[in-house]
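J.: sequence below, structure please.
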Amino acid sequence: MMSSALQKFCYNLSGFNKYGLMRDDVLYEDEDVKEALNRLPQNKVDERNYRILRAVQLDIQKSILPKEQWTKLEEDELYLTPIVQQVIKERQEREEWAKNY
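T.: Numbers count the residues shown, from 1 in each chain. As a prediction, this is how the structure comes out:
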């Protein structure tokens with residue numbers, strides 16, 4: 001396990017937090033992620049879309065948020081990852097079922 005200071009350093013180095021994004025906002029949208037997004041409550045989808053649109057606008061303007069508005073590691077919740085993991089598990093079970101029956 002990484003130390004807390006190293007985790008914060010690596011998190012800030014990634015850069016997406018400077019745009020107000022969370023880790024799950026930058027997941028590659030494959031079929032599993034798209035299905036997970038369909039299962040996400042609408043308010044969470046709306047919040048995600050707002051963060052992504054704001055980040056795109058900031059990038060177009062070649063700008064970042066003021067430091068006090070950056071997403072902090074402690075505030076970054078994995079709101080989509082558990083659902084994606086469930087979708088992957090279900091898909092693997094369907095594939096296994098189809099292969100065996």
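J.: which stretches of the protein form helices?
T.: 4-14, 31-39, 42-60, 81-100 (DSSP state H).
J.: quick one, which of those helices is nearest to D24?
T.: Shortest distance between D24 and those, using Cβ to Cβ, is found for helix 81-100: 5.8 Å. In short, each C-beta sits where N, CA and C put it, glycine included.
J.: thinking again about what came up before, pick out the shakiest of the helices of the chain, pLDDT-wise.
T.: Across these, helix 4-14 has the smallest mean pLDDT, namely a mean of 91.
J.: what is the neighbour count of the residue lying closest to T81 once chain neighbours are set aside?
T.: The shortest distance from T81 to any non-neighbouring residue, by Cβ to Cβ, 6 or more residues apart in numbering, is to D24 (5.8 Å). When neighbours are defined as other Cβ atoms under 10 Å, D24 has 21 of them.
J.: and the helices of the chain as CSV, adding mean neighbour count and distance to Q69?
T.: Listed next are these as CSV, based on neighbours: other Cβ atoms under 10 Å; distance: least, Cβ to Cβ, whole Å:
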stretch, mean neighbour count, distance to Q69
helix 4-14, 12, 14
helix 31-39, 15, 25
helix 42-60, 13, 10
helix 81-100, 12, 23
